[in-house]
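K.L.:
sequence first, predicted coordinates after that:
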Amino acid sequence: ELENDLPRWQAAVRMLMAAAAKTGAEDATMASLDFYRSLVQAIDASSASRGGSSSLLQIPHFSAERIKLWRKGPRKNAGLLEFLRLQPDERRKSLEAEDLGFDAQERADIDEFVAVAPQLQVVEAKVFVQGEDEICAHDVA
């Protein structure tokens, strides 16, 4: 059933996102985008937040409780990107903390995830209307 419903929900959320963007409703656009990410990544939408702890749920063997424990101290506000950018030694030490309870196989799974997880970076962004030199009111860029 989910296989049939998920594409429809994704299409509906994309339509909401497009409508919000067209009207300039930034908060509604971002909320729609967050909800879309939740659908695509199978993350609970009620806990999803931009750059928040819910992004860490994508890491194998991480649970809400383990995230809470891992984020103590200097990693208080760390999200997925910060986790992926940790130096291997620093990441290994942080995962070996006794209170987290990761075993050797779970840490190996996490290392494999880090090796293959995409780390996209926007280098340049351009907003333009195709075929026009200027952007005017009501243009769709």
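P.N.:
It's in.

K.L.:
for the most centrally placed residue in the chain, which non-adjacent residue is closest in space?
P.N.:
By C-alpha atoms, centre = their mean, the mean C-alpha position of the chain lies nearest to residue 55, the distance being 4.7 Å. Nearest non-adjacent residue to residue 55, counting by C-beta to C-beta, 6 or more residues apart in numbering: residue 80, 3.8 Å away. To be clear about C-beta, it is placed using only N, CA and C from the backbone, and glycine gets the same treatment.

K.L.:
check what pLDDT the one you found gets.
P.N.:
For residue 80, the pLDDT comes out at 88.

K.L.:
just to revisit the earlier point, ok, now which ones touch the residue nearest to the centre of the chain?
P.N.:
The contact partners of residue 55, taken as C-beta atoms under 8 Å, 6 or more residues apart in numbering, are 43, 79-81.

K.L.:
mind listing which of those are in helices?
P.N.:
Applying DSSP state H to the contacts of residue 55, the entries found in helices are 80-81.

K.L.:
buried subset of the contacts of residue 55?
P.N.:
Neighbour counting by 16 or more other C-beta atoms under 10 Å classes 43, 79-80 among the contacts of residue 55 as buried.
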